[in-house]
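J.: need a 3D model of the sequence below.
(chains A and B)
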2 protein chains.
Amino acid sequence: MAQKKSIITALLIAATGVGIYLAAGTTPVRAAGSGPAYTSDGKLLQPKGYRNWVFIGSMVTPNGLNNGNAGFPEFHNVYVEQANLAVYRKTGVFPEGTVLVKELTLVREPSHPDGSADEASGRGFFEGEFGGMDVTVKDSKRFSKTGNWGFFNFGHHPLPYATSSVESSKDECAGCHIAGASKTDLTWVQFYPVLRAKN
Amino acid sequence: MAQKKSIITALLIAATGVGIYLAAGTTPVRAAGSGPAYTSDGKLLQPKGYRNWVFIGSMVTPNGLNNGNAGFPEFHNVYVEQANLAVYRKTGVFPEGTVLVKELTLVREPSHPDGSADEASGRGFFEGEFGGMDVTVKDSKRFSKTGNWGFFNFGHHPLPYATSSVESSKDECAGCHIAGASKTDLTWVQFYPVLRAKN
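T.: This next block holds a predicted model:
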């Protein structure tokens, strides 16, 4: 009996220690060991380890195609944790505590007026250096005035990004998401094939 | 002593069962429980779970910018397992058994001649539906004639992709990688900021 208990304890320690990757189809409230963290004065701390989360999609709206003044001139690479993604796929709604990270990368060496470059694989848009980070957090209590999501900007510049961020105003971010994506939990699901996939 | 042995056994079982995410900086030969698998007649089986691997970068070379006949008209989203990425970051070389998956997504609803579309965030390129899968495998014995990598195409079409694939000829894939990326283990590292990052 004592031995059985030890084995169970060991299993739990091991599962926690190596970081659980929950199978699709489970519906935890929050990914194990994750979730947003704040400073004592309410700033969001920079999420860690997000490049190991699940990538859900990329897009690029370069300056060259937006009169030299794009709102979002970089590649946008968006990440979410596996357990939170599983809930979204099942319910169409992200669970409380979900963090979405949008990491920006500069368009690499644009050589045409539209910002594209010629490479061995053809003319197009390629990723250069990291260029910034935006983060959204689902928390229906904390962010009830902005569609249950808080929006944060950790800098649109090369590494290192800011270590913490104050919440962006509704006009800066949430307003556009509420206007255009209120039926899909403020997420532009049409641009993210991995969000729409079963696994 | 028997109890200690049981705990160790349980730890090993648990670590294998939940799928190890090895910490960056370790240098395993291969990610636990992963690696390529082949049919009895040498076809590569379709990798599974790759959307949960580490995304290393995206690019798009649309038809509209390549005289209507791009070699790679889709978005390319490239994935590698964490443990193999850690080795590359440390050594500049991928370990034996590394699998790179390039999943293709169609450019979404192109409305301009260059293939771009107008969306709330600006004019640019957005991801539509899944459109194909290419895979490379590092194996210096099996693929010694093509720069130590085997190249496989699981279909450039919507889901489902092929369940297995014969190796592509040198002219189809490897030749270009050998000509253009032989110093970086046949990987176009300049387009993959996550490959160049420390973590």
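J.: hmm, B:P62 and A:S121 touching each other?
T.: No: under the criterion of CB atoms under 8 Å, A:S121 is not in contact with B:P62, lying 11.5 Å apart. C-beta here means a position set from N, CA and C on the backbone, and glycine is covered the same way.
J.: excluding its backbone neighbours, what's nearest A:V87?
T.: A:P95 (4.7 Å; CB to CB, 6 or more residues apart in numbering or on different chains).
J.: can you check the pLDDT for the one you found?
T.: In the prediction, the pLDDT value recorded for A:P95 is 97.
J.: same question, A:K198
T.: The model reports A:K198 with a pLDDT of 88.
J.: now it. Nearest residue, chain neighbours left out?
T.: Distances taken as CB to CB, 6+ apart place A:R89 nearest to A:K198, at 6.7 Å, with adjacent residues excluded.
J.: A:T184 too?
T.: Closest residue in space to A:T184, ignoring its immediate chain neighbours: A:G92 at 7.1 Å, by CB to CB, 6+ apart.
J.: buried residues in the one helix or strand A:I178 maps to?
T.: With the criterion set as DSSP states H and E, the secondary-structure element containing A:I178 is helix A:175-181. Neighbour counts over helix A:175-181 (16 or more other CB atoms under 10 Å in any protein chain shown) mark A:176-177, A:181 as buried.
J.: that helix: what's the following helix or strand?
T.: Along the chain past helix A:175-181, the next helix or strand (assigned with DSSP H and E) turns out to be helix A:193-196.
J.: can you tell me what sits against that next one?
T.: Applying CB atoms under 8 Å, 6 or more residues apart in numbering or on different chains, the contact partners of helix A:193-196 are A:54-57, A:85, A:88-89, A:187, A:189, B:51, B:105, B:127-130.
J.: likewise stretch A:100-109?
T.: Residues outside stretch A:100-109 that contact it (CB under 8 Å, 6+ apart): A:47, A:50-51, A:53, A:60, A:62, A:72-80, A:94, A:115, A:117, A:125-137, A:156, A:187, B:57, B:190-191, B:193.
J.: which of the buried residues of helix A:175-181 sits closest to A:F151?
T.: When the buried residues of helix A:175-181 are compared for distance to A:F151 (CB to CB), A:H177 comes out closest, at 7.7 Å.
J.: distance check, the closest one against B:G68.
T.: From A:H177 over to B:G68 the distance is 35 Å, taken as CB to CB, to the nearest Å.
J.: do the same with A:G49
T.: When distances are taken as CB to CB, A:G49 and B:G68 turn out to be 42 Å apart.
J.: those two: which is more packed in?
T.: Per other CB atoms under 10 Å in any protein chain shown, whichever of A:G49 and B:G68 has more neighbours is A:G49, with 15 against 11.
J.: for the more buried one, what are phi and psi?
T.: Backbone dihedrals for A:G49, given as degrees, to the nearest 10, come out at phi 70, psi 10.
J.: mind listing what it touches?
T.: Neighbour list for A:G49: empty [criterion: CB under 8 Å, 6+ apart].
J.: the helices in chain A, which residues?
T.: If you assign secondary structure with DSSP state H, the helices in chain A sit at A:2-18, A:82-91, A:175-181, A:193-196.
J.: and chain A, what are its domains?
T.: A:1-26, A:31-196 (automatic domain parsing).
J.: report how many residues lie close to the residue nearest to A:R108 when sequence neighbours are not counted.
T.: When the adjacent residues along the chain are set aside, A:R108 lies closest to A:G128, with 3.4 Å between them (CB to CB, 6+ apart). Applying the criterion other CB under 10 Å, we find 18 residues in the vicinity of A:G128.
J.: before we move on, what about A:G35?
T.: A:G35 sits with 18 neighbouring residues when counted by other CB under 10 Å.
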